[in-house]
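1. build me a model:
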Amino acid sequence: MFDMWQRIEREVMSAKVQARATAVAHERKIERRRNPKSNWSHSRQVLKEICALVTYRHRGPCDTDDGEAYLSAALPWLIEKNEGFEAEDLQERITRWVKVVCPLLNSEAIRLCLTEARRRNERRCLWWTAQRLGDLLCLTIKERERLRITRLRPAGMTTRQFTAYQRSRKAWSAKARRAAKGSKPHEQSAAQLKPWDALRISRSRYYQMKKQGALPGQLRDRETHSSQPGTKYLQPDTPQSHTSEQTVPGPARKARPRHRVGAIGPSPGARTRVVSANPPRALPLPEEGIFEHPDLLGDSGDWRQLGALFTSYEGGVLPPDLAQAVREAQRVRLMTQKALADCVGVSRPQLANALRGRFGLGRRAATSLMEWLMRGRVTTRDLG
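-> Numbering: from 1, shown residues only. Below you'll find the predicted structure:
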């Protein structure tokens with residue numbers, strides 16, 4: 001138990017030591033970065049921006065009755081700059097600043113502003129926030145951007161609106177910086193223009209052709225305008241031509257139409273496959289018929305003729321007897337279901353569904369199936 005508490009105490013102490021070391025390193029970094037000869041501070045920056053706003057609005061010192069609002073906004077930073085409320089000549093120093101910025105204010109107005117500042121300080125709300133300063137001075141976005149003010153926010157903005165405003169300003173600055181370096185704007189990028197849609201190719205194919213130099217614009221730029229137009233790239237492809245110089249091939253294959261029938265026809269969306277040039281060769285059926293092996297109860301087997309009652313089938317759902325005859329013929333001819341599907345011209349899953357009665361077959365597939373089923377017969381001796 002004591003060992004556990006000692007281990008926890010060591011972990012806490014190590015965390016405190018690490019936090020203290022991080023804080024000391026941060027302070028040293030700030031001290032190295034700060035210019036020792038400069039006495040610039042946050043208060044001086046705020047006062048500078050307020051004076052710049054007064055000069056921009058009034059073309060010099062404030063000559064209207066807005067001087068009291070400017071003094072109220074600048075008073076917390078004037079007090080901090082002049083060593084706080086405890087300074088003996090605080091009002092005299094503030095009066096000197098007022099004579100430069102707002103010369104129309106008298107000593108009585110200055111005293112009233114100081115009294116109000118002391119009351120706010122007692123309530124611990126002496127300092128103005130950046131948004132409160134902007135609202136007090138009615139700062140506009142145009143004035144803020146024109147004077148490059150950073151310590152005051154535009155008037156009437158919420159936190160979410162100001163965040164969106166900062167984000168748009170940052171995006172505009174990045175765009176201007178990229179344009180100065182000669183980069184292409186995002187509006188003119190390939191991701192926005194999508195040139196592969198105009199060429200009717202995929203995006204990956206577009207970049208592949210661009211890498212090979214096979215785009216129409218790249219082929220056109222190889223010929224100079226002053227020379228006689230060449231016919232090299234107008235000729236059909238030859239095996240001797242380079243891969244990157246060949247013309248753009250057309251579509252790989254044309255889309256085949258989908259064969260759809262009614263409820264008793266093939267499955268929805270089923271595609272009739274083209275029979276290959278060399279389909280598997282089916283063995284002929286025996287003339288005597290199919291011999292059924294005896295079952296476990298001792299019943300003797302018998303021969304059964306195939307293909308005599310199914311010549312009228314032209315498509316749709318296979319009758320159970322016809323499906324059984326197809327399975328028996330497939331077994332006698334030693335063919336797999338995939339080979340039978342290739343002979344009929346359908347896919348293997350489509351043939352399996354047709355034999356189970358789930359879907360039907362179209363006319364072309366039904367004709368191929370009946371031709372395969374009624375193909376020439378031989379005797380069982382020939383099957384050997």
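2. now the strands for this protein?
-> Here the chain has its strands, by DSSP state E, at 285-286, 290-291, 303-304, 377-378.
3. show me the shaky parts of the stretch 151-300 of the chain.
-> 219-300 (pLDDT under 70).
4. and this structure, what are its domains?
-> 42-157, 285-292+302-383 (automatic domain parsing).
5. could I get those domains as CSV with mean neighbour count and distance to residue 24?
-> In this view, the C-beta of every residue, glycine as well, is placed from N, C-alpha and C. Shown next, in CSV, are these (neighbours: other C-beta atoms under 10 Å; distance: least, C-beta to C-beta, whole Å):
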stretch, mean neighbour count, distance to residue 24
domain 42-157, 16, 23
domain 285-292+302-383, 16, 73
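6. lowest average pLDDT across those?
-> Per-stretch mean pLDDT for the domains of the chain is lowest at domain 285-292+302-383 (a mean of 76).
7. any idea how far residue 210 is from residue 188?
-> 16 Å (C-beta to C-beta, to the nearest Å).
8. ditto for residue 323
-> 63 Å.
9. now residue 141
-> Residue 141 sits at a distance of 28 Å from residue 188 (criterion: C-beta to C-beta).
10. picking that back up, mind putting the domains of the chain into a markdown table with distance to residue 163?
-> Shown next, in a markdown table, are those (distance: least, C-beta to C-beta, whole Å):
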| stretch | distance to residue 163 |
| --- | --- |
| domain 42-157 | 9 |
| domain 285-292+302-383 | 57 |
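11. now do the contacts for residue 372.
-> Taking C-beta atoms under 8 Å, 6 or more residues apart in numbering as the criterion, residue 372 is in contact with 282, 329, 340, 343, 344.
12. ignore what I typed, I meant residue 147.
-> 49, 52, 53, 56.
13. what's the most distant pair in these?
-> The most widely separated members of those, counting by C-beta to C-beta, are 49 and 56 (10.4 Å).
14. hmm, residue 313 and residue 363 touching each other?
-> No. Counting by C-beta atoms under 8 Å, residue 363 stays clear of residue 313, with 10.3 Å between them.
15. just to revisit the earlier point, closest to residue 171 out of the domains of the chain?
-> domain 42-157 (14.5 Å).
16. isn't residue 62 up against residue 102?
-> Yes. The criterion here is C-beta under 8 Å, and residue 62 meets it with residue 102 at 4.5 Å.
17. between these two, which contacts overlap?
-> 54, 70.
18. max-length helix in this structure?
-> Longest helix in the chain by number of residues (criterion: DSSP state H): helix 2-33.
19. what comes up buried for that helix?
-> Residues of helix 2-33 classed as buried by neighbour count (16 or more other C-beta atoms under 10 Å): none.
20. packing partners of it?
-> Using 3 or more C-beta pairs under 8 Å, 6 or more residues apart in numbering; DSSP states H and E, no helix or strand is in contact with helix 2-33.
21. which one among the contacts of residue 372 gets closest to residue 116?
-> residue 344 (98.1 Å).
22. list the residues that contact the closest one.
-> 275, 351, 361, 365, 368, 369, 372.
23. ok, so of those residues, who is nearest residue 96?
-> For the contacts of residue 344, the nearest to residue 96 is residue 351 (102.2 Å; C-beta to C-beta).
24. residues touching the closest one, list them.
-> Taking C-beta under 8 Å, 6+ apart as the test, what residue 351 contacts is 337, 340, 341, 344.
25. out of these, which is nearest to residue 120?
-> The nearest member of the contacts of residue 351 to residue 120, counting by C-beta to C-beta, is residue 341 at 90.1 Å.
26. that closest one against residue 347, yeah?
-> Yes. Counting by C-beta under 8 Å, residue 347 is a contact partner of residue 341 at 6.0 Å.
27. didn't residue 319 look like it was pressed against residue 313?
-> Yes. Counting by C-beta under 8 Å, residue 313 is a contact partner of residue 319 at 7.2 Å.
28. residue 86: which of the contacts of residue 351 is nearest?
-> Nearest to residue 86 among the contacts of residue 351, with distances taken as C-beta to C-beta, is residue 341, at 100.2 Å.
29. which two of the contacts of residue 344 have the greatest separation?
-> Pairwise over the contacts of residue 344, using C-beta to C-beta, the maximum falls at 275 and 361, 14.2 Å.
30. just the helices in the stretch 51-200 of the chain please.
-> Along the stretch 51-200 of the chain, counting by DSSP state H, counting those that start in this stretch, helices occupy 67-81, 90-101, 107-122, 130-137, 141-147, 159-180, 190-193, 195-199.
31. need those helices in CSV (columns: distance to residue 45).
-> Output for the helices of the stretch 51-200 of the chain, formatted as CSV (distance: least, C-beta to C-beta, whole Å):
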stretch, distance to residue 45
helix 67-81, 9
helix 90-101, 15
helix 107-122, 20
helix 130-137, 12
helix 141-147, 12
helix 159-180, 18
helix 190-193, 40
helix 195-199, 49
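32. can you pull the contacts of residue 207?
-> So residue 207 contacts nothing (C-beta under 8 Å, 6+ apart).
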